[in-house]
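Chemist: build the 3D model from these lines:
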Amino acid sequence: MTEATKITKGEPVPQSFKRWYLNDRDKTEDWRKEAREDYDFFAGRQYTDEEMAALKDKARPIVTFNRIGPVVDSVHGQEIGNRREVRYIPREEGDVKPNEILTSAAEWFRDQSHADDEESDSFLDTIICGMGWTETRIDFEEQPDGKPVVSRVDPLEMFWDFDARSRNLSDARRVWRVRRVPLSEAMSMFPGKPKAELDATWTMVQSAADLQREEDTPNEDEDAGDGMVTIVHCQWVERESYMMAQDPLSGEVAEFTEAEFSTVNKRLKQMVGVEMQGVRKKRKVRKQAFMGDVVLSNGPAPCPYQFSFQCITGKRDRNKGTWYGLVRAMKDPQRWANKWLSQMMHIMNSNSKGGLLAERGAFDDQRQAEASWADPSAITWLKSGALSGQAPAVKEKGATQFPAGFQQLTEFAISSIRDTSGVSVEMLGMREANQAASLEYQRRQAGMTILQPLFDSLKHYRELQGRVMLHYIQEDLSDGRLIRIVGEAQSQYVPLVKQSTLDYDIIVEDAPTSPNQKEATWGFLSQLLPSIAKMVPPQMLLMLMEYSPLPSAVIEKLQKAAQEMEQQQQPAQQAQQQMAMEQHQSEMAKAASETAENQAGAQLDVAKAQAEDVYASAEFAQAIQALMNPQVPEPSGSSWQ
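Modeler: Sure thing, here's the model as predicted:
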C-alpha cells in the first residue's frame, strides 16, 4: 500500500482522499448542471424560472408540448423489448458448453434482485443524461444467508475518476457515491458514532484550499440541521507487491505476501540454512471505505475484479471528459418550438379583435372598456356621439398578420426534435404513410443503427456486471442453497455449490423472454417449420415452443404433458424394443443356420467335385499309360511255338 492511500478506521479522512474527491467533483460540475436540466426537459419542465416570470409579466401563455418524452420512451422501450442474459462458459480445454448451474444461478440472482427493472431504469438515465449506474451487492439484513441486490443508483450521487476515458468507465481508478441519509439510518449503519463523525462536511467545501479552514472550524451542534448527514462510499484501485515462490511444504508454486515470504525465509535459514528463491510481482487490488468526518469502515472491496458500482455510458464528450444522452441535442429544438408556439398564441389572443385607436374621453369608463373590448358578449359603453362623430372618435386597429414563414419555422423546430435524436417516425410508430409492412420494418431496423452505440454500452455493462455477479455466486452464495434450473426436459432445483473452475468467458446473448426477440424468432420459425417439421424430433419442437407467443405457463404445461406422455410410453416402447430385438436375434439365428447348411452343402459339393476330379485324373493316367505301353492279349485255348 502506498503512503497516499493509507487509511485507518476511526481516524480522520486522509487529505489525499479529500483532494481526489474535490478534483473529481469539480471536473463534473458542468455535467451535473446539464444533467439536472436534461431531467427537467424529459419531465416537461422546459422553462427556466426567469423565462416563466418574464412570460407571466407580459401575460403570455406558457406553452409546453413535451415531444422529448415520447422519443426517450421509444428508445427505452426498445431496450425493454430486447433484453439480454449472461452465460458463463468454462475456460477449459475442449469444453465450450455453458455452465448450466452458474448460468441458472445468474438468472436466479437477477430474478431475486429484479435486475431487469433496475437496469432498465439505469438505461433510461443513460438516454437522458448520458450515464446510468447500478450497484451489485449482497444484503445480509433482509436474509441472514445473503440476498442478491442489483439496484439503480441516482447518477447525480455518483462521482468518478476524472481521468477515465474508456466506455463504461472501465479504466477508472476510483468511484464515489455521496448521498444524504437520515441520521437515524446512518447511526444504525455505524453504531456508536456521533453525528459529528457521521457527517462528511468536507464534501461541501468549495476548493482544496478550503480543506484546511474546514478542519480548523469546529463542528456544529449535533442537533442543528435537517436531520440528514452525508455519507461517502468510495471504492478504489491499489497496486500491491507479492512474491511467487515454491512452497517448501507442498513443492508447488504459491503466492506469498512480502511479510510471509520474509518470515518463511527466516525460518528456513534457521532450520536448514537455505532460503526460498522468489519473484516479486505486482497486481491490482480493489478496496473500499465508508467515510463521514472520520473513516467509518474500510477493507477489501466486495469484488476484487470489478467495482460493485457499474456504469452505462452514452455518447462521449471528448473535450470535457464526460458523457451525454439523447436529450442534449433535442433541447434547443424543443425550446424554440415552445417559444414560437407561445408567440403564436400570444399574437392570436392579443389580435382577436384587431386592437383599438381611441381618443381620450371616448369611453364612459376606460377600465370597463379595456376589460370588455375583447369579450364578444360584453357591452363597451362609449361617450354620446362617439359613433356619430360628435365626440372623441374610436377606430379599430387592423388585424396583425402572422409573419411570413412563421408556421414553417414552427414545424421545422418540431420535426428537428426527432431528427436530432436519430429516432425515426417508424420507431415511434407514428408513420401515417400507406407503405408495406416489410418496408416499415426495414426502416425501423435501419433507425436502430443510429442507437446501436447505446445498446453496445449496455452489452459491455452486462459483461462487467456479470463478472461481479459471478464472484458473489462463487464466494458468497455457494452454500448449498437450492436454485431453480430450467433444463431441456423440466425445471428442477439443485444445490448451489462452488465450482472448481474459476475462469469463465462471459457471453451476453439475447434473452428468449424478450418480446421482440421472441417475435422475430417465431416469425422466422413459422416460415421454416413446414419444411423441416418431419426431420426435427418432437423434443426439439417443444424446445422451439419457448420462442412462441404463447404464455410461459402454457409452454411449461405442454412440455410437462409431453414428458409425462413420454414416460407412459416408455414401458410399451421398451417391450416393443425387446420383441423387436428377440425377433431380430431369431432371424439372425435362422440366417446363421441357413448359412451353415449352405456352407456344408457347398463343402460337400466341393469334395465331390474334387473326388470326381481325382477319379477322372486316375482314368486319364491309365489311358495315357495304356497308350504308352500297348499289350496284345493271348488268344484263349491256343499256344505259340
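
Chemist: all strands for the stretch 401-550 of the chain, in order.
Modeler: In the stretch 401-550 of the chain, the strands defined using DSSP state E, counting those that start in this stretch lie at 479-486, 491-497, 504-510.

Chemist: next one: the stretch 151-300 of the chain
Modeler: 158-160, 174-182, 228-246, 253-256, 278-291, 295-300.

Chemist: out of the ones you listed, which is closest to Gln583?
Modeler: strand 253-256 (63.1 Å; Cβ to Cβ). (Each C-beta comes from the backbone N, C-alpha and C, glycine too.)

Chemist: what does the closest one contact?
Modeler: By Cβ atoms under 8 Å, 6 or more residues apart in numbering, the residues outside strand 253-256 that reach it are Tyr242, Met243, Met244, Ala245, Gln246, Asp247, Val264, Gly278.

Chemist: can we see that at 6 Å?
Modeler: By Cβ atoms under 6 Å, 6 or more residues apart in numbering, the residues outside strand 253-256 that reach it are Tyr242, Met243, Gln246, Asp247.

Chemist: tell me which residues of the helix or strand where Glu51 lies come out buried.
Modeler: Applying DSSP states H and E as the criterion places Glu51 in helix 49-57. Under the neighbour-count criterion of 16 or more other Cβ atoms under 10 Å, helix 49-57 has Leu55 buried.

Chemist: ok, stretch 321-336 next?
Modeler: Residues of stretch 321-336 classed as buried: 321-331, 333-336 (neighbour count, 16+ other Cβ under 10 Å).

Chemist: show me the two of these that sit farthest apart.
Modeler: Of all pairs in the buried residues of stretch 321-336, the most separated under Cβ to Cβ is Gly321 and Trp336 at 29.4 Å.

Chemist: just the pLDDT at Val13, thanks.
Modeler: pLDDT for Val13: 92.

Chemist: distance check, the residue nearest to it when sequence neighbours are not counted against Gly10.
Modeler: Among residues not flanking Val13 along the chain, Met291 sits closest, at 5.0 Å (Cβ to Cβ, 6 or more residues apart in numbering). In this view, Met291 and Gly10 are 11 Å apart by Cβ to Cβ, to the nearest Å.

Chemist: now Met345
Modeler: Distance of Met345 to Gly10, given as Cβ to Cβ: 64 Å.

Chemist: so who does Ala245 touch?
Modeler: Met276, Gly278.

Chemist: ok, Glu260 next?
Modeler: By Cβ under 6 Å, 6+ apart, the contact list for Glu260 is empty.

Chemist: re earlier: which one of Met291 and Gly10 has more residues nearby?
Modeler: When Met291 and Gly10 are compared on other Cβ atoms under 10 Å, the one with more neighbours turns out to be Met291, at 27 against 11.

Chemist: what's near enough to touch that one?
Modeler: Neighbouring residues of Met291 by Cβ under 6 Å, 6+ apart: Val13, Ala200, Val232.

Chemist: where does it land on pLDDT?
Modeler: Reported pLDDT for Met291: 94.

Chemist: please apply the same query to the one 4 residues further on.
Modeler: Reported pLDDT at Val295 in the predicted model: 94.

Chemist: what is the burial count for it?
Modeler: 21.

Chemist: can you check Arg45 too?
Modeler: 13.

Chemist: hang on, the earlier thing: out of the strands of the stretch 151-300 of the chain, which is the most enclosed?
Modeler: Across the strands of the stretch 151-300 of the chain, averaging neighbours per residue (mean count of other Cβ atoms under 10 Å) puts strand 158-160 on top, at a mean of 22.

Chemist: picking that back up, from the chain's centre, how far out does the helix holding Glu51 sit?
Modeler: The chain centre lies 42 Å from the centre of helix 49-57; the measure is Cα atoms, centre = their mean, to the nearest Å.

Chemist: now stretch 251-261
Modeler: Its chain's C-alpha centre and that of stretch 251-261 lie 39 Å apart, by Cα atoms, centre = their mean.

Chemist: and the residue nearest the centre of the chain, how close does it get to Thr420?
Modeler: In the chain, the C-alpha nearest the mean C-alpha coordinate belongs to Arg462, at 4.3 Å (Cα atoms, centre = their mean). Plainly put, Arg462 is 28 Å away from Thr420 if you go by Cβ to Cβ.

Chemist: ok, now Cys129?
Modeler: Using Cβ to Cβ, Cys129 is found at 16 Å from Thr420.

Chemist: compare those two (neighbour count), which wins?
Modeler: Under the criterion of other Cβ under 10 Å, the comparison of Cys129 against Thr420 puts Cys129 first, with 27 against 17.

Chemist: how about the more buried one, nearest residue that isn't a chain neighbour?
Modeler: Nearest residue to Cys129 in three dimensions, chain neighbours excluded: Ala35, at 3.9 Å (Cβ to Cβ, 6+ apart).

Chemist: helix, strand or coil for the one you found?
Modeler: Three-state call for Ala35 (DSSP: H, G, I helix; E, B strand; the rest coil): helix.

Chemist: give me the number of residues near it?
Modeler: 23.

Chemist: surely it touches Gly130?
Modeler: No: the pair Ala35 / Gly130 is not scored as a contact, 7.5 Å apart, by Cβ atoms under 6 Å.

Chemist: distance-wise, check the residue nearest to Cys129 relative to Met448.
Modeler: With distances taken as Cβ to Cβ, Ala35 is found 25 Å from Met448.

Chemist: try Ile414
Modeler: For Ile414 relative to Met448 (Cβ to Cβ), the value is 23 Å.
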